[in-house]
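In: Coordinates only, no sequence provided:
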């Protein structure tokens, strides 16, 4: 069984509004910036001041990682997932551990960051810090449940789904960032 989802700015905004409503929060689209960067993306250079983020990585429509970065976690948002030596747990380290599941992965860890940029889509949801860390955690947990990322949690914790979830990450142009 393969579940298919469509992720674009409109869909993500609808999800964020519904989550805020369920949490009893006041939501406004101007509190959020959504960036969709398809493969051959550039990694972010900073986490803007006063913002926190949810980020998602996809390879060929399969979600590999959903994570969060608080306003004071800039390195986690900008660079940790591109360098296997940067932290105990990161996307680059997971990909290298499972390197035979992917087409050509560069040998060693020196080039894995560039491989991630060239071969993976990335979605960033930037939220004003005013929305609070509980909302950030709720959004992260929702997308982890919704997308079932491959590199989240421990194997024994994963009981669902029975098959891969495919996601179509849509963007109007290859180089631009959708905001709104």
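Out: Yes, it's here. Since this is a predicted model, take the numbers as computed values, not measurements.

In: Could you pull up phi and psi at the most centrally placed residue in the chain?
Out: Centroid-nearest residue in the chain, with C-alpha atoms, centre = their mean: residue 56, separated by 0.9 Å. The phi/psi pair for residue 56 (degrees, to the nearest 10) reads phi -140, psi 140.

In: helix, strand or coil for the residue nearest to it when sequence neighbours are not counted?
Out: Among residues not flanking residue 56 along the chain, residue 123 sits closest, at 4.5 Å (C-beta to C-beta, 6 or more residues apart in numbering). In short, each C-beta sits where N, CA and C put it, glycine included. Assigned by DSSP: H, G, I helix; E, B strand; the rest coil, the conformation of residue 123 is strand.

In: where are the low-confidence patches of this structure?
Out: 1-5, 106-109, 153-180 (pLDDT under 70).

In: which residues of it fall in helices?
Out: 9-22, 74-78, 91-97, 112-119, 133-147 (DSSP state H).

In: Reformat the ones you listed as JSON lines; add mean neighbour count and distance to residue 48.
Out: Shown next, in JSON lines, are the helices of the chain (neighbours: other C-beta atoms under 10 Å; distance: least, C-beta to C-beta, whole Å):
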{"stretch": "helix 9-22", "mean neighbour count": "15", "distance to residue 48": "17"}
{"stretch": "helix 74-78", "mean neighbour count": "19", "distance to residue 48": "9"}
{"stretch": "helix 91-97", "mean neighbour count": "20", "distance to residue 48": "22"}
{"stretch": "helix 112-119", "mean neighbour count": "18", "distance to residue 48": "20"}
{"stretch": "helix 133-147", "mean neighbour count": "17", "distance to residue 48": "15"}
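
In: now these in JSON lines, with distance to residue 65?
Out: As requested, these are arranged in JSON lines below (distance: least, C-beta to C-beta, whole Å):
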{"stretch": "helix 9-22", "distance to residue 65": "16"}
{"stretch": "helix 74-78", "distance to residue 65": "11"}
{"stretch": "helix 91-97", "distance to residue 65": "5"}
{"stretch": "helix 112-119", "distance to residue 65": "10"}
{"stretch": "helix 133-147", "distance to residue 65": "10"}
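
In: Can you say which of those helices is nearest to residue 30?
Out: Evaluated with C-beta to C-beta, those place helix 9-22 nearest to residue 30, the distance being 11.1 Å.

In: Run through who's touching the closest one.
Out: For helix 9-22, contacts defined as C-beta atoms under 8 Å, 6 or more residues apart in numbering pick out 26-27, 29, 32, 34, 36, 123, 125, 131, 135, 138-139, 142, 146, 178-180.
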